[in-house]
Structures are given as C-alpha cells and as structure tokens.
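Just need the structure, nothing else, for what follows:
(4 chains)
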Protein chains: 2
Amino acid sequence: MKPFAVTSEPNGHFCDDCAVRGAAVCSSLDAAELREFEHLGRRVHFGSGETVFSEEDITTSFYNVLEGVMRLYKLLPDGRRQIVGFALPGDFLGMNLSGRHNFSADAIGAVNVCQFPKGPFGRFIEGRPQLLRRINELAIRELSQARDHMVLLGRRSADEKVATFLLGWRERLVSLMGLSDMVALPMSRQDIADYLGLTIETVSRTFTKLERLGVIEIIHGGITLLDPARVEAMAAA
Amino acid sequence: MKPFAVTSEPNGHFCDDCAVRGAAVCSSLDAAELREFEHLGRRVHFGSGETVFSEEDITTSFYNVLEGVMRLYKLLPDGRRQIVGFALPGDFLGMNLSGRHNFSADAIGAVNVCQFPKGPFGRFIEGRPQLLRRINELAIRELSQARDHMVLLGRRSADEKVATFLLGWRERLVSLMGLSDMVALPMSRQDIADYLGLTIETVSRTFTKLERLGVIEIIHGGITLLDPARVEAMAAA
DNA sequence: AGCCGAATTTGATCTGAGTCAATCGGCTGC
DNA sequence: GCAGCCGATTGACTCAGATCAAATTCGGCT
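As a prediction, the model looks like this:
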C-alpha cells in the first residue's frame, strides 16, 4: 500500500477519464484549469427514485450529470405534475436567479453527478468568461428546447406528441450512444404522460396503436423503431 | 389617443434618457461603456403587425425592446401557431446558437427597438464579462418563465390558463408602469388563444364567464380586475 | 352619419382525450 | 410454485374544449 493512499479518492483526478468531459461545461476549460476545477466538485451517486433537489429548495450546488437519467418537473398544489425535461449525461443543472431551484429533479434509475458547491463554483467562474459563455450556450440551447416543447404542449395532438417524443428522445440517445433503432425508455409511462401533457392511458393507447400500425415494436424497457419515416410523418402532420 | 397604449417614456437617440436603461442589458454597463455602446445600436421603428424577424432567418442582429409589445411565436407546417411569449420594453431578443432565430417576432401596435448588429455587439461583449453575465441572467429568467408556461400548457384547465395569464400579464405591466387594476391587453383574442394553447372561442367564453361572475370587467383594449383575489383563486385551483 | 370588413361574442354540436374501472403481466419475496 | 404488487394495458363512458355556424360589435373610411 502506498504511504498516502486514501480509501476514497478526494473528489478529483476523475475529469481525465470522465465520460462527459467533451460535452459538458468542462469542455470550455484547458488542461490546467481542469486540474483546478476537478478539486471543486465531488462525485455523488443517487439511487433510483431519489430526489437530487426540490423546487423551492435553496440552491447550494450546481450539478453536472455524468451517468443516468433524471426527471425534471414542477408540481401544482393539487399534485398535477408537469415534467419540464429529462436530464442526460452532459447536462448542467442548478442555474437560477432567485437562489432557489425552480423545478425538482430526481433520479430515474441509478445516477452519478458531479456536484459543485455554489460559492466556490461562482468564484471559479469569475475571470473565466469562456466558462460563462459555455454556460450561457447551454442555457440558450435549453431555452430553444423549451420553446419547442411549448409548441408540442399547446398545439399538437396526442399522436403527434408521442411520435415527436420518440424521435426527439432517440435523437438524444443517438448523440450519446450512437445510432440505433432500439430506443431505450428508462422512464415510466406516467413520466412520459407528464412530459407530454397527457394521461398514462392515452400514452399507453398511442403506443399500442403505433405498434398495431407496425411502425414500432414495444419491447421491455423501450421500443424499436420499425418504420422511422412513418413516425416522422406522424410527428410532422 | 389610445387609452391603454403600452409605452415607455419617449426616447431620444442617446442611452442617457432611454426608458429601459435600468432594466435592459445596458444596466450592466457603466457610463463610459454606455457611451461606446450607444454607437453600436440604432433605433428602429416597426409599425403594427410588421415582422421584426422570422424563424429560421439568419440572425443578423440583437434587439432591445424600447417601446411597445411584440408577439414571439412558432408555426407548425400546417399553420397552427404557438405564441411562446410576449416581449415588452427591456426584453432582449436574438440570442441563439445555430445562427438562426428559433422563433418569429412581430409588432403588436407600434414598436421601437434598439438594434445591434451581431458582429460589433459580439466584439463588444468580449472582455466585458458583466455584460455577458447580464445576458445570461436574462436567459435564465426566460428559461424559468418558459418552464412555468409549460406547466400551464400541459396541466392547466382553460379557466386556470386565462386567470393565470391575466395575473401574469398584469404583473409585467405593473413592473413597467406601476400598479393598476386596469390591465391593458394590446394583443388580440387570437394571440391570447395561441399563447394559452386554446381556441379563440374558448378564450372569449372564459372572459365572458369571468365578467358574469363579476371578477373582471371587459373594457375596450383590456379588462379591469374587479376582484383580484377571486382571479388568483381561479388561477391556483 | 353610414357602410364595410375584421374581430369578437354567442350558440349548437361534435370529438379527442380524460376518467373510471377492470384486467393483465412481470417481478419479488416467501 | 405461487401470492401479492405495481406498472401497463384495455374497455366503456364522459366531458372540456374544439369545431362549425351565426350574430354582433367595433373601427376605419368616405
């Protein structure tokens, strides 16, 4: 055993082989900065269903998703839920103005995040405009996605919603894991319903309908796209 | 003279007496910077219904709204429209990643904007992180509003949508023009419908219903809130 | 003032998606 | 192996909001 070995790594040295290194906020940092940066964050694990943070909680940290999927949602006082997005590896969470989170986030399946305390992270950003610019880019990208989702929620039929969701989700998985007609759906039907502004029954019926039409196959934990072109036609309609 | 025109103070050529000076991106600049900044932009006027920019247009400029109201919207190929927001004085438009606008914007009534060519503006930002930070703040604020609007579109009833809209719109007018129970509605019923994911008929019926309940009075160019508490109760439900 | 076209309101009816209510199927633990 | 559970599916029925169709009101113009 080495003289100064420790049982658990003190946060760092992980960035080098971090899977999201190129895609996440970190992509704006050079090698020297990264060395400093990695001491700020620590890896944290969340089990399936665990809540990473809740709406209205005081923001204490920023999060960089490393592995797994999270649901981001808002609740109405009577319990109705709207999922405002799913977070995947590379996504950056915790930006806000009020000092409080404006949505809740919990793990769908096992999740690893890189957690940065707000204070040190804020100080690190000072004098590193390229990191700020990167964060701004991510915010603008999310804003664009949010607007697309508003169109879906306000103006699309149930069939269009489901077809659009399948294609959009596949797109995200493709950019993470490469092209495949298998589309893993780690979230529940209820999650999909709450994302699309539908009920679980309508989502289920629409899946069944797509399967009967022969354009998808429902498999355990996801679907297979048998006829992507037909799904695109349904989404565009 | 229109009784409910949404305008800010008359605006000269110089930032010094610009009505949105304190609220807009410019609020992050000191006097010397402002002097340089004002040479970058030019005031441009748009008449009622004119399009300031269209979705998919190459971005050539950023815009700072000085006076008036704009509708920001996306169209589906078959003509369905979703209004993703209304822009008021102080709002900053034109941020994007792709080099193209991701929504269209047109004037509702007369509009004045401060237009900044993309190139010079981008160069001005370089080395002024506080301006970048200000822009980032605006983006994050919009993102938060976008998420709230997703909840409205996906999970609220028609009554709740209309009540929430009236309160939210009033809030924005209050912060521009001070408190009043008169709520100017410069946009058409169709605009409101396309913002709320409803039809014009449903919006009209809901207004009438609120009036019959005695909680609002429909007046020309807007409404009067007779019983704000009841409207809040309808919105929260 | 009087006419025209557009926006809004109102009414009648329809329908897509929600609600309510059984199953079904796959896993887990005994 | 099977009892119990939880998520998903399916079916029957309902209803909020859409659609279709007139009025009605308003603003602009001569």
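
elements contacting the lengthiest helix in chain A?
Longest helix in chain A, counting residues (DSSP state H): helix A:129-155. Packing contacts for helix A:129-155, counted by 3 or more CB pairs under 8 Å, 6 or more residues apart in numbering or on different chains; DSSP states H and E, involve strand A:81-87, helix A:118-125, helix A:158-177, strand B:61-75, strand B:81-87, helix B:129-155. Just so you know, the C-beta spots here come from the backbone N, C-alpha and C atoms, and that holds for glycine as well.

Name the residues of it that come out as buried.
A:129, A:131-140, A:142-155 (16 or more other CB atoms under 10 Å in any protein chain shown).

Then stretch A:30-40?
Buried, per 16+ other CB under 10 Å, within stretch A:30-40: A:34, A:37-38, A:40.

just stretch A:50-64 next, same as before
A:52-53, A:59, A:61-64.

And the furthest pair within those?
A:59 and A:64 (14.7 Å; CB to CB).

residues contacting residue A:221?
By CB atoms under 8 Å, 6 or more residues apart in numbering or on different chains, the contact list for residue A:221 reads A:184-186.

CSV for the buried residues of stretch A:50-64, including distance to DNA strand C and pLDDT?
Output for those, formatted as CSV (distance: CB to the nearest atom of the strand, whole Å; pLDDT from 0 to 100):
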residue, distance to DNA strand C, pLDDT
A:52, 23, 97
A:53, 28, 97
A:59, 32, 97
A:61, 32, 97
A:62, 34, 97
A:63, 28, 97
A:64, 30, 95
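
quick one: which of those residues is nearest to DNA strand D?
Taking CB to the nearest atom of the strand as the measure, DNA strand D sits nearest to residue A:52 out of those, at 18.8 Å.

which residues does the closest one contact?
By CB under 8 Å, 6+ apart, the contact set of residue A:52 is A:46, A:63, A:70, A:93, A:105-107, A:111, A:113.

and if we set it to 10 Å?
A:44, A:46, A:61, A:63, A:65, A:70, A:72, A:87, A:93-94, A:101, A:104-107, A:111, A:113, A:115 (CB atoms under 10 Å, 6 or more residues apart in numbering or on different chains).

Show me what the residue nearest in space to the middle of chain A bridges to in the sheet.
Geometric centre of chain A, nearest residue: residue A:87, 0.7 Å, by CA atoms, centre = their mean. Judged by DSSP bridges, the bridge partners of residue A:87 are residue A:70.

Starting from residue A:154, give me the distance back to it.
Applying CB to CB, to the nearest Å, the value for residue A:87 to residue A:154 is 23 Å.

Ok, residue A:61 next?
33 Å.

And for residue A:197?
In terms of CB to CB, residue A:197 sits 9 Å off from residue A:154.

now do residue A:131
Distance from residue A:131 to residue A:154, by CB to CB: 35 Å.

Repeat that for residue A:216.
25 Å.

just residue A:190 next, same as before
Separation of residue A:190 from residue A:154 (CB to CB): 21 Å.

rewinding a little: can you put the buried residues of stretch A:30-40 in TSV and add pLDDT?
Listed next are the buried residues of stretch A:30-40 as TSV, based on pLDDT from 0 to 100:
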residue	pLDDT
A:34	86
A:37	87
A:38	83
A:40	90
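
Residue A:134 touches residue A:25, doesn't it?
Yes: counting by CB atoms under 10 Å, residue A:134 does reach residue A:25; the two are 5.4 Å apart.

Quick check: neighbours shared by the two?
In contact with both residue A:134 and residue A:25: A:92, A:125, using CB under 10 Å, 6+ apart.

With just CA atoms, put the least confident helix or strand in chain A by mean pLDDT into CSV.
Within chain A, confidence by mean pLDDT, DSSP states H and E is lowest for helix A:31-37 among all helices and strands, at a mean of 86. C-alpha atoms of helix A:31-37 as CSV (Å, rounded to 0.1, in the frame of the first residue of the first chain):
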residue,chain,number,x,y,z
ALA,A,31,-5.9,21.2,-19.0
ALA,A,32,-4.6,23.5,-16.3
GLU,A,33,-8.0,24.9,-15.5
LEU,A,34,-9.5,21.4,-15.4
ARG,A,35,-6.9,20.4,-12.8
GLU,A,36,-8.1,23.2,-10.6
PHE,A,37,-11.7,22.6,-11.5
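
Which parts of chain A belong to which domain?
A:15-152, A:156-236 (automatic domain parsing).

hmm, back to that, need the buried residues of stretch A:30-40 in TSV (columns: distance to residue B:206).
Below are the buried residues of stretch A:30-40 laid out as TSV (distance: CB to CB, whole Å):
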residue	distance to residue B:206
A:34	54
A:37	52
A:38	54
A:40	50
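
quick one on the thing from earlier: of all the domains of chain A, which lies closest to residue B:170?
It's domain A:15-152; of the domains of chain A, that one is closest to residue B:170 (CB to CB) at 20.4 Å.

Point out where chain A drops to low pLDDT.
A:1-14, A:237 (pLDDT under 70).

Can you tell me which residues in it are near DNA strand C?
A:157-159, A:197-199, A:201-202, A:220 (CB under 7 Å from any atom of the strand).

Could you pull up the residues touching residue A:113?
If you count contacts by CB under 10 Å, 6+ apart, then residue A:113 has A:41-46, A:52, A:61-68, A:70, A:87, A:89, A:91, A:93, A:105, A:107 around it.

List buried members of those by neighbour count.
A:41-43, A:46, A:52, A:61-66, A:68, A:70, A:87, A:89, A:91, A:93, A:105, A:107.

What residues sit buried inside stretch A:152-165?
A:152-156, A:158-165.

Repeat that for stretch A:214-231.
Buried-residue list, stretch A:214-231, by 16+ other CB under 10 Å: A:215-216, A:222-223, A:225, A:230-231.

Widest-spaced pair of the residues you listed?
Among these, A:222 and A:230 lie farthest apart (CB to CB), at 18.0 Å.

where's the residue nearest to the centre of chain A relative to residue B:34, distance?
39 Å.

quick one on the thing from earlier: now that we have the residues of chain A next to DNA strand C, can you turn them into JSON lines and tack on distance to residue A:171?
Rendered in JSON lines, the data for the residues of chain A next to DNA strand C read as follows (distance: CB to CB, whole Å):
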{"residue": "A:157", "distance to residue A:171": "21"}
{"residue": "A:158", "distance to residue A:171": "21"}
{"residue": "A:159", "distance to residue A:171": "19"}
{"residue": "A:197", "distance to residue A:171": "20"}
{"residue": "A:198", "distance to residue A:171": "20"}
{"residue": "A:199", "distance to residue A:171": "25"}
{"residue": "A:201", "distance to residue A:171": "26"}
{"residue": "A:202", "distance to residue A:171": "23"}
{"residue": "A:220", "distance to residue A:171": "22"}
